[in-house]
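Novice: Following is a predicted model, sequence given first.
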Amino acid sequence: MRYLSTRGQVRGIPFKQAVMMGLAEDGGLLLPESIPQFTPGDLDALAKLDYPELAFQVMARFIDDIPSADLKTLIDRSYATFTHPEVTPVVSTGGVHILELFHGPTLAFKDVALQLLGNLFEYLLAETGEHMNILGATSGDTGSAAIYGVRGKRGINIFILHPHGKVSPVQEMQMTTVTDPNVYNLAIRGTFDDGQRIVKEIFSDLDFKHRFALGAVNSINWARVLAQVVYYVHAWAAVRRATGSESIDVSVPTGNFGDIFAGYVARRMGVPIRRLILATNANNILTRFVNEGEYAIGDVHPTLSPSMDIQVASNFERYLYYLYGQDPLRVRNAFAGFASSGRMTFTAEEQRQVGAEFSSLSVGDDDILQEIRDFHATTGYILDPHTAVGVRAGRTLAGDGVPMVCLATAHPAKFPEAVHRAIGQTPPRPASLDGLEQRPRRCEVVEAQTGVIKTFVEQHAL
């Protein structure tokens, strides 16, 4: 299996190089040259596997330059850190099937990919004797999951940008209370989109990237998307066992398009996902794209679901590559125009294709609180505000009896204020959060400027 860039100037590279490159060196995003296909027999076999073995069987189709025994060991180590024996269990309640993705060290879906990515980085660096400086931006959950994935690992320093005062208190504490010497938290005076832009600009400076051996943990790294493909297969298998249904619909709360793109890849592989429902909060650039045929930047609005407070979705480029018939020149031209105008438009045929592949709904804060309240009243189950976006969209757009899977992307204890507003009580707190407020913290508040971040990296890089 070889990998190529959405912008066409990088191609033919193996998986290990793709992982270490992160952002493609032509500014695009990396994808496999072809998508492996599951036969019905493959799916029947996969449906019988536990999560680590399922992850190995799926990922091995994309990875042919890591020995099987080593890949299995990396996967087993990564999911041994999860507190549930099924890793990502499916809970059926309230007329939907909730895929719980929050049983990892930081109680968010990002752990599923970033526990693996941290181990992959350590393995690949040990092979070469080299080192890496990881640079990433977070809207809340990626940062802590990435930090927990690489804290204390040899040959790695990590620099994480988060928008100052715009993540939940628990998210902020999870990041800033990790005081390992290889961890640097930078709170930027700006938005997540500012942080994402800074990271992309720095990675596009190839001299700087090579000089400081930069690595990427944001969902621009293909390995993250690949790890997320697995739980769509797992969810389909669990629901088939529970209901006998051969297909599922899936509702995905998303701001950066990475999580739902993993579902898109799973469906292209042959997993029987009938509909992908793209659920957004008030920052609804992706819903406007699906429903109105325009991708246009708006203002970022703070919401009760802050991890989705995003306007420029970094993984959108991967989908655009397929929407444009795998034409990298069109992708390059589209993003050149977007850089100057802040918008993209699409033909009627392209809009029909998008509408055939996705449904979408934007869910505001009032509806988030109402969904948490109603769901708890009828089931006793507590939704976090991001999961509530997905559940509201899934239940609103539910169709003709096909089981609806809703991705639970974070534990409700990460957002106690929103939950308390909805149901008048604070969600139970997992043991991993005990004493969080009393732990020492380390963080620097800096301007949201590329030059400022470059200087900081220069001063603290390995």
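Specialist: Structure's in. What do you need?

Novice: From Asp434, how far off is Ala408?
Specialist: Applying C-beta to C-beta, to the nearest Å, the value for Ala408 to Asp434 is 22 Å. (Glycine included, C-beta is placed from N, CA and C.)

Novice: Tell me who's in contact with His164.
Specialist: If a contact means C-beta atoms under 8 Å, 6 or more residues apart in numbering, then His164 has Ala187, Ile188, Arg189, Gly190, Val445 as its contacts.

Novice: In TSV, list the residues you listed along with pLDDT and distance to Thr128.
Specialist: Shown next, in TSV, are those (pLDDT from 0 to 100; distance: C-beta to C-beta, whole Å):
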residue	pLDDT	distance to Thr128
Ala187	98	33
Ile188	98	32
Arg189	98	37
Gly190	96	35
Val445	98	35
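
Novice: Neighbour count: Ala408 and Asp434, which is higher?
Specialist: Set Ala408 next to Asp434 and count neighbours by other C-beta atoms under 10 Å: Ala408 wins out with 27 against 9.

Novice: and the residue nearest to the more buried one when sequence neighbours are not counted, how far is that from Val445?
Specialist: In space, and not counting its chain neighbours, Ala408 is closest to Thr387: 4.3 Å by C-beta to C-beta, 6 or more residues apart in numbering. In this view, Thr387 and Val445 are 30 Å apart by C-beta to C-beta.

Novice: Please say which of those two ends up with more neighbours.
Specialist: Legend: neighbour count by other C-beta under 10 Å for Thr387 and Val445, higher for Thr387 (33 against 11).

Novice: Can you name the secondary structure element that comes next after the top helix by length along the chain?
Specialist: Longest helix in the chain, counting residues (DSSP state H): helix 222-243. Next in sequence after helix 222-243, counting helices and strands by DSSP states H and E, comes strand 248-253.

Novice: So what's the model's average confidence on the next helix or strand after that next one?
Specialist: The helix or strand immediately downstream of strand 248-253 is helix 258-269, counting by DSSP H and E. Mean pLDDT, helix 258-269: 98.

Novice: tilt between whichever helix or strand comes after helix 258-269 and helix 222-243?
Specialist: Heading C-terminal from helix 258-269, the first helix or strand you meet, by DSSP H and E, is strand 273-280. Per axes from the mean of the first three to the mean of the last three C-alpha atoms, to 10 degrees, the angle that strand 273-280 makes with helix 222-243 is 120 degrees.

Novice: chain center to strand 273-280, what's the gap?
Specialist: With C-alpha atoms, centre = their mean, to the nearest Å as the basis, strand 273-280 stands 15 Å off its chain's centre.

Novice: what's the answer for stretch 103-119, then?
Specialist: Distance, stretch centre to chain centre, for stretch 103-119: 10 Å (C-alpha atoms, centre = their mean).

Novice: pLDDT weak spots in the chain?
Specialist: Scanning the chain for pLDDT under 70 picks out no residues.

Novice: buried residues in the longest helix of the chain?
Specialist: 222-240 (16 or more other C-beta atoms under 10 Å).

Novice: Just the CA atoms of that helix, as CSV, please.
Specialist: Taking C-alpha atoms only, helix 222-243 is exported to CSV below (Å, rounded to 0.1, in the frame of the first residue of the first chain):
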residue,chain,number,x,y,z
TRP,A,222,-3.6,9.6,8.1
ALA,A,223,-2.9,7.2,10.9
ARG,A,224,-5.5,8.9,13.1
VAL,A,225,-8.2,8.5,10.4
LEU,A,226,-7.3,4.9,9.9
ALA,A,227,-7.6,4.1,13.6
GLN,A,228,-11.1,5.7,13.6
VAL,A,229,-12.2,3.5,10.7
VAL,A,230,-12.1,0.5,13.0
TYR,A,231,-14.8,1.6,15.3
TYR,A,232,-17.3,2.0,12.5
VAL,A,233,-16.7,-1.7,11.6
HIS,A,234,-17.1,-2.6,15.3
ALA,A,235,-20.3,-0.6,15.7
TRP,A,236,-21.9,-2.2,12.6
ALA,A,237,-20.9,-5.7,14.0
ALA,A,238,-22.3,-5.0,17.4
VAL,A,239,-25.6,-3.7,16.1
ARG,A,240,-26.0,-6.6,13.7
ARG,A,241,-25.5,-9.0,16.6
ALA,A,242,-28.1,-7.1,18.7
THR,A,243,-30.7,-6.5,16.0
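
Novice: Of all pairs in the contacts of His164, which one is the farthest apart?
Specialist: Greatest spatial distance in the contacts of His164: Gly190 and Val445, 11.0 Å, computed using C-beta to C-beta.

Novice: Name the nearest residue to Val225, sequence neighbours excluded.
Specialist: Val225 sits nearest to Ala262 (C-beta to C-beta, 6+ apart), 5.1 Å away.

Novice: dump the residue contacts of that neighbour.
Specialist: Val225, Leu226, Gln228, Val229, Tyr232.

Novice: Just put those residues in CSV and tack on distance to Glu33.
Specialist: Formatted as CSV, these follow (distance: C-beta to C-beta, whole Å):
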residue, distance to Glu33
Val225, 15
Leu226, 14
Gln228, 20
Val229, 16
Tyr232, 21
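
Novice: quick check, nearest of the residues you listed to Glu294?
Specialist: For the contacts of Ala262, the closest approach to Glu294 (C-beta to C-beta) belongs to Val225, at 25.0 Å.

Novice: quick one, the longest helix of the chain and helix 258-269 angle?
Specialist: With the same axes, to 10 degrees defining the directions, helix 222-243 sits at 70 degrees from helix 258-269.

Novice: now helix 222-243 against strand 248-253, angle please.
Specialist: Taking the same axes, to 10 degrees, one finds helix 222-243 and strand 248-253 inclined to each other by 130 degrees.

Novice: Strands along the stretch 251-400 of the chain, start to end?
Specialist: Along the stretch 251-400 of the chain, counting by DSSP state E, counting those that start in this stretch, strands occupy 273-280, 294-296, 343-345, 358-362.
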